[in-house]
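Novice: model this:
(chains A, B and C)
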Amino acid sequence: MFRAILFSQWKWSRLIVALGAVAGFALPIVSLQGAAAADRSPLQVESLLRVVQSWGTLYPVLAAALGLLVAMATWAPDHRGRHVHALSLPLPRWRYALLRFGAGVTVLAAPIVAVLLGALLATTAATIPAGLQTYPIALALRFALALLVAYAVFFAISAGTARTAGIILGAIAALIVVQIVAGVANVELGLPDRLQMLVLNWPGPLAVFTGRWMLLDV
Amino acid sequence: MVSLFERIDPRSPTPLYAQIAARVSVAIAAGELQPGEALPSVRHLATQLRVNPATVVQAYRDLEADGFVEIRHGAGTFVRELGPGRRARERARQATALVRALLADARRLGVPLAELQEAIQEEIGVYSP
Amino acid sequence: MTDAIALQDLRYRAGKGFELKPLTLHVPTGSIYGFLGPNGSGKTTTIRLILGLLRPLSGRITVLGGTMPAEAPRILARVGYVPEQAHLDATLTVRETLRFQAPFYRTWDWPRAEQLLAQFRLADDRPFGRLSKGEKAKLMILLALAQRGELLVLDEPTDGLDPVVRRDILAALLEYVSQQGATVFISSHLVHELERICDWVAVLDDGRLVTEVPMVQLKNGTKRLRVRGAPVDLVPPPFVILARESENGGSAETWVVRDWQPEMAPYFDGIGAALQDVIDLDLEDGFVELLRTFRTPHA
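Specialist: All right, here's what the predicted structure looks like:
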């Protein structure tokens, strides 16, 4: 059963997964390009860290994008059939959803492994200035976690009908509109700020996305 | 063999099983089907005629009850040996049924009996050698 | 257990436009049951309720002895379903679709699937999305038959298909039934198609059940009578009058009646009228007359 679902998942998401894996592999390597240059002054070390940090912002972006696309691809065949086929299969709905979820997670293993390999390769190939540490495994783990969180959130959103997804997006849009109107009226609601605090700060569900994503650090 | 059933009419008020049974009994009475000959299997006939298999089963059961065929389980349905008297009687029965239908149609169309008789004789004259 | 499907006082409402009035149906095990009704009469909704895809407002749905939708997963393993519109993953090829479907059914029959694939001349490697309408319909039937269900629920399985494909599909269906003895619940607005194969018929109109009878009874009992000299006020007849119209304003009338039997002819002598003719109606005529009288209840 799982193999059958995994196969259809693969057919729908193989391009996304392949591109994601390439990007995931390339990102750590590209981010350490400058590090190959030999010994450097403390000033240069600082600039290297800045480069690594600016490249680091791409990891959560990649994780979010991959999570979104794969989650969409996961439900795509069922959305096409307005879920009729899935519902007429002889298994409980929660089990079907679990199988679909598992299939998505399985294909996401590819970009995670790619990030890990890329990070390992980059850190072994580069000459790391003294005083700096490499964190390839920690970075890959963090990427994996962020990817799974993004995937789970988008999976849950697109598991419902187009209407559910519409309601969620509508709520977000309404929030933004309220904020803008409040901003124009010079009323400080701080709604998004408070929401942001709640969601992004530990232990908020999206905390894993924030902060610095460093392959190199002190 | 299936051509025997070519003129089965699902729209007729006569039930399909009765139509199928009638075709077979006529063919047996006329000697078209020989004793010992196998009838098509239920599955084959139902598929070919595109009728409910239960309809064919019922037709064969009725034929068996009337002594025309014998159902051997697992083997099929076979034509039974009929005495010449029985065959003649069956033909007569069919002839009566045909005439009844003809008379009913004539009445509906308002054709007088005399004209009908005349037409029958004329047709027989034309078609007999 | 004698009913493959039993609906008891089933009610359902979809928005404000459509409603199933309390619906009670009994589909005998082993029958080929025709579910007739004009487009929009609620056939598909009823089928979705039977399969547990929708939840009723009230009432009881029993399928193969189990309650729907509570026992849906267990029951659906024994039910082959062909929906009105094919809904499979468009990117999977025919072969991949079979491989997707097979693991979900313990009863899956690969030899039959292969045989039907050949019989229907379906190309293994063509994606579902690029099949013609007829090929899609064949594949849907193939899936339902290879699954070896005890009950087949077919929602307009041949609607809009050319006669050759229709024949192929019906032949495969009947072959299956004669081998497996399955119950078939088949909805259609194509009356002729059902006339050959069904032994039970139900007619639905605007969410209400018009009638549920054995085919033989529906076909044999519904007649058009030509009557002369009948009084306006009748002694209650032993049959049901569906319609009564006078011809050219004269004393000759046409009646459409239900539950007619030849022994009832003397009734007309009793009311001083003459029965001139009894005309047989086929299923389509009977269907049309039933609907007509159902929609305009006469005094």
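Novice: Let me see the ranges of the helices in the stretch 1-150 of chain C.
Specialist: C:43-50, C:72-76, C:94-101, C:110-119, C:133-146 (DSSP state H, counting those that start in this stretch).
Novice: of all the ones you listed, which lies closest to chain B?
Specialist: Chain B sits nearest to helix C:110-119 of all the helices of the stretch 1-150 of chain C, at 11.0 Å, using Cβ to the nearest Cβ. For the C-beta atoms, the positions are set from N, CA and C on the backbone; glycine is no exception.
Novice: Please go through the chain and pick out the longest helix.
Specialist: I went with chain A, as the question did not name one. For chain A, the longest helix by residue count, based on DSSP state H, is helix A:93-125.
Novice: my question was about chain C
Specialist: The single longest helix within chain C, with elements called by DSSP H, is helix C:163-180.
Novice: packing partners for the helix or strand just after it?
Specialist: Next helix or strand after helix C:163-180 toward the C-terminus (DSSP states H and E): strand C:183-188. Packed against strand C:183-188 by the contact rule (3 or more Cβ pairs under 8 Å, 6 or more residues apart in numbering or on different chains; DSSP states H and E) you find strand C:3-14, strand C:18-28, strand C:32-36, helix C:43-50, strand C:151-155, helix C:191-197.
Novice: what about the single nearest residue of the stretch 51-200 of chain C relative to chain A, neighbour count?
Specialist: The stretch 51-200 of chain C approaches chain A most closely through C:His87 (3.0 Å), counting by Cβ to the nearest Cβ. Burial of C:His87 is recorded as 21 neighbouring residues (other Cβ atoms under 10 Å in any protein chain shown).
Novice: Which positions in chain C make contact with chain A?
Specialist: Contact residues, chain C versus chain A (Cβ under 8 Å from any Cβ of the partner chain): C:51-53, C:72-78, C:81, C:83, C:87-92, C:96, C:99-105.
Novice: now these: which count as buried?
Specialist: Among the residues of chain C next to chain A, those buried by neighbour count (16 or more other Cβ atoms under 10 Å in any protein chain shown) are C:51-53, C:72-73, C:75-78, C:81, C:83, C:87-92, C:96, C:100-102, C:104-105.
Novice: Chain A: helices as residue ranges?
Specialist: A:2-31, A:42-56, A:58-80, A:84-88, A:93-125, A:136-159, A:162-184, A:191-200.
Novice: And the helices in chain B, which stretches?
Specialist: Using DSSP H, the helices of chain B run over B:16-29, B:42-49, B:53-65, B:84-109, B:113-127.
Novice: want to throw the helices of the stretch 1-150 of chain C into TSV with mean pLDDT?
Specialist: Formatted as TSV, the helices of the stretch 1-150 of chain C follow (pLDDT from 0 to 100):
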stretch	mean pLDDT
helix C:43-50	91
helix C:72-76	91
helix C:94-101	92
helix C:110-119	93
helix C:133-146	92
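Novice: do you know how far the nearest residue to A:Val52 once chain neighbours are set aside is from chain B?
Specialist: Spatial nearest neighbour of A:Val52, chain neighbours left out: A:Leu216 (5.0 Å); criterion: Cβ to Cβ, 6 or more residues apart in numbering or on different chains. To chain B, A:Leu216 is 74 Å away according to Cβ to the nearest Cβ, to the nearest Å.
Novice: pLDDT wise, what is A:Leu216 at?
Specialist: Looking at A:Leu216, its pLDDT reads 70.
Novice: related to what we said a few turns ago, out of the helices and strands packed on strand C:183-188, nearest to A:Ala171?
Specialist: Shortest separation from A:Ala171 across the helices and strands packed on strand C:183-188 is recorded for strand C:3-14, at 26.2 Å, computed as Cβ to Cβ.
Novice: Number of residues surrounding residue 125?
Specialist: Just so you know, I chose chain A. For A:Ala125, the neighbour count with other Cβ under 10 Å is 11.
Novice: meant chain C actually
Specialist: 8.
Novice: show me the contacts for it.
Specialist: Going by Cβ atoms under 8 Å, 6 or more residues apart in numbering or on different chains, C:Asp125 touches C:93-95.
Novice: Kindly recompute the last result at 6 Å.
Specialist: By Cβ atoms under 6 Å, 6 or more residues apart in numbering or on different chains, the contact set of C:Asp125 is C:Thr93.
Novice: ok, back up a step: relative to A:Pro28, which of the helices of the stretch 1-150 of chain C is closest?
Specialist: Nearest to A:Pro28, of the helices of the stretch 1-150 of chain C and by Cβ to Cβ, is helix C:94-101 at 36.0 Å.
Novice: List the contacts of the closest one.
Specialist: Residues outside helix C:94-101 that contact it (Cβ under 6 Å, 6+ apart): A:4, C:88, C:113, C:122, C:124, C:126, C:128, C:143.
Novice: thinking again about what came up before, what comes up buried for the longest helix of chain A?
Specialist: A:96-97, A:99-101, A:103-105, A:107-108, A:110-112, A:114-120, A:122-123.
Novice: same deal with stretch C:168-186?
Specialist: Going by neighbour count (16+ other Cβ under 10 Å), the buried part of stretch C:168-186 is C:168-178, C:182-186.
Novice: What count of nearby residues applies to residue 60?
Specialist: You didn't pick a chain, so chain A it is. Counted with other Cβ under 10 Å, residues neighbouring A:Pro60 total 21.
Novice: Chain C was what I was after
Specialist: By other Cβ under 10 Å, 13 other residues sit near C:Arg60.
Novice: Distance of it relative to C:Met215?
Specialist: Plainly put, C:Arg60 is 26 Å away from C:Met215 if you go by Cβ to Cβ, to the nearest Å.
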